[in-house]
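S.K.: attaching a predicted model along with its sequence, questions to come.
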Amino acid sequence: MEKIAIIGGGIAGMEAARRLLQLGHEPVIVEKSDHLGGHVAGWYKLFPDMMSARELVEQLAAGLDGVTVYYRTRVANMNRLGSGYSVMLSNGVNLQCGAVLISTGFRLFDASRKEEYGYGVYDHVVTNSDLEAWLGGAPDYRIPDNPASVAFVHCVGSRDLKAGNPQCSKVCCMTAIKQAIEMKEKFPQADIWCFYMDLRLFGKKYEDFYIAAQRDHGIHFVRGRVSEVSEDIDGRVVLKAEDTLAGTPVKLSADLLVLMSGMLCNEDTQSLARMVRADVDSDGFMRSRDNIYRINESNRPGIFFAGACTGTKTVPETVGEARAAALDIHNYLSGND
Amino acid sequence: MIDFGFGLSRSSSVKLDEVDLGLYHKLEALEPGVRVCMSCGSCTSTCTAGPWSGMSVRKLILNLQRGKDVEKMLSCCMLCGKCTMVCPRGINTRHLILSLCRIYGKKQ
């Protein structure tokens, strides 16, 4: 039985570990934080079924009986040894592995970098991730008790060349619509506004959400990117944008502004890549052997990928890739490749 | 009013939270389909009257959502119903126009 180092204990790492265990291998999860589940662990509900994120993480964790998990641990060094890899961890443990799965995920764009939106400066500006934590029950002083209007700004740090991130983060359109509906359900009297460049609703049932947001919840959609936000004397946020469908500048005073922060590559992943000379792609994410058929494979033997380390992904895509990676690793170790 | 010999041009900026949506809400009650418009422009491109009169159901809906008066545009519609046939969201645009006429109390 050969060990497999799984770097990153988010949903990709968890699902891959579970499947590798079922296939008779010995996966070891290396997790930098003190919990499993990554970003999803901090999420409240997942579109399109509004499944509880906590339930998903619990479900995945239930399959990990017998898997060694090192928490608060990082990979200190990693190099090729024989037909496998020697992985040295920050806790002093040295793993001899037949294969390595990189499932390090993504990092959320730091919304304060878009200074024009005033995150961390104005009182009532939060991110998608902050709002999700609040929806899940965490207190947040920035969110007013009874907002009369809430504005969502799409593409914060995504599709933004100047911020260094030309890629679309894929999930934020749907997240914004999901959160807009959740806010409308909490505050039926509130006007909810979404400012978008495009609505990219590509997945199963996503368009249904959009139609429901318009038809059943009366959420207002304005096509145009918010260019600047200020704060008025009452502490409300004042947004400026162009309504590009009407060709007129618009202004909106809102009680709460939610910024849909995008997904970026994780710098940790890039340093891992350097250790084993795996390729990093032009967008900063890991480079798969191809982006159609061999997404799980790196250019190095025995180094595999799963989830958002290779690009922005949805939860089902990530889980699906983790399963595929587990099978790829199984075949690789059995010489069936 | 004293004529100072100069004037100020009015701001074209629309204050979204201050617009009067009374007309739009009346229309919503009669034709709820108005809510699901996604501004694709199919109606406008197929409109028989559009190229000559500036008629555009897309613009009409958007103007209503921004609290503007649309009575003038309404009079350009010939009620041919082609826009209803092409709308991908299945909005009964012809009924929408007729409902607006009813609200304005002009055509029946």
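M.R.: On my side now, so go ahead. Numbers count the residues shown, from 1 in each chain, chains lettered A, B, ... in the order given.
S.K.: wait, what's in contact with residue 33?
M.R.: All of this is about chain A. By Cβ atoms under 8 Å, 6 or more residues apart in numbering or on different chains, A:Ser33 lies in contact with A:Gly9, A:Tyr71, A:Arg72. Heads up, the C-betas are built off the backbone N, CA and C, glycines and all.
S.K.: my question was about chain B, not that one.
M.R.: Per Cβ under 8 Å, 6+ apart, neighbours of B:Gly33: B:Arg89, B:Gly90, B:Ile91, B:Asn92, B:His95, B:Leu96.
S.K.: make it 7 Å
M.R.: For B:Gly33, the contacting residues are B:Ile91, B:Asn92, B:Leu96, by Cβ atoms under 7 Å, 6 or more residues apart in numbering or on different chains.
S.K.: check B:Ser39 too.
M.R.: A:Leu245, B:Arg58, B:Leu62.
S.K.: and what of A:Asp191?
M.R.: Contacts of A:Asp191 by Cβ under 7 Å, 6+ apart are A:Ala148, A:Ser149, A:His220.
S.K.: by neighbours, which of these wins?
M.R.: If you count neighbours using other Cβ atoms under 10 Å in any protein chain shown, the busiest of the contacts of A:Asp191 is A:Ser149, which has 21 neighbours.
S.K.: so where is the stretch 201-337 of chain A shaky, pLDDT-wise?
M.R.: Applying pLDDT under 70 to the stretch 201-337 of chain A flags the ranges A:337.
S.K.: so what's the residue lying closest to A:Ala246 once chain neighbours are set aside up against?
M.R.: Spatial nearest neighbour of A:Ala246, excluding adjacent residues (Cβ to Cβ, 6 or more residues apart in numbering or on different chains): B:Leu62 at 5.5 Å. Contact partners of B:Leu62, counting by Cβ under 7 Å, 6+ apart, are A:Leu245, A:Ala246, B:Ser39.
S.K.: that older thread, got the contacts of B:Ser39 as JSON lines, with distance to A:Gln96 and secondary structure columns?
M.R.: Output for these, formatted as JSON lines (distance: Cβ to Cβ, whole Å; DSSP: H, G, I helix; E, B strand; the rest coil):
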{"residue": "A:Leu245", "distance to A:Gln96": "60", "secondary structure": "coil"}
{"residue": "B:Arg58", "distance to A:Gln96": "64", "secondary structure": "helix"}
{"residue": "B:Leu62", "distance to A:Gln96": "64", "secondary structure": "helix"}
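S.K.: ok so, going back, is there a quick ChimeraX command that grabs whichever of the contacts of A:Ser33 are buried?
M.R.: Remark: buried members of the contacts of A:Ser33, expressed as a ChimeraX selection using 16 or more other Cβ atoms under 10 Å in any protein chain shown:
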select /A:9
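S.K.: what is the nearest of the contacts of A:Ser33 to B:Lys15?
M.R.: Checking the contacts of A:Ser33 against B:Lys15 by Cβ to Cβ gives A:Gly9 as the nearest, at 48.2 Å.
S.K.: doesn't that closest one lie inside a helix?
M.R.: No - under the criterion used here (DSSP: H, G, I helix; E, B strand; the rest coil), A:Gly9 is coil, not part of a helix.
S.K.: so how many other residues sit close to the residue lying closest to it once chain neighbours are set aside?
M.R.: Distance criterion Cβ to Cβ, 6+ apart; nearest residue to A:Gly9, sequence neighbours excluded, is A:Glu31 at 3.4 Å. When neighbours are counted by other Cβ under 10 Å, A:Glu31 registers 22.
S.K.: just the pLDDT at the residue nearest to the spatial centre of chain B, thanks.
M.R.: In chain B, the residue lying closest to the centroid (Cα atoms, centre = their mean) is B:Leu60, at 1.8 Å. Per-residue pLDDT puts B:Leu60 at 95.
S.K.: same thing with B:Met1?
M.R.: 69.
S.K.: low-confidence stretches in chain B?
M.R.: B:1, B:106-108.
S.K.: again, only this time at 90
M.R.: B:1-13, B:54, B:71, B:75, B:105-108 (pLDDT under 90).
S.K.: tell me which stretches of it form helices.
M.R.: For chain B, the helices defined by DSSP state H occupy B:22-30, B:42-46, B:50-53, B:57-65, B:71-74, B:82-86, B:93-104.
S.K.: which residues are in contact with stretch B:18-29?
M.R.: B:Val34, B:Arg35, B:Leu64, B:Gln65, B:Arg66, B:Gly67, B:Ser99, B:Leu100, B:Ile103.
S.K.: 6 Å - rerun?
M.R.: Residues from elsewhere that reach stretch B:18-29, judged by Cβ atoms under 6 Å, 6 or more residues apart in numbering or on different chains: B:Val34, B:Leu64, B:Gln65, B:Arg66, B:Gly67, B:Ser99, B:Leu100, B:Ile103.
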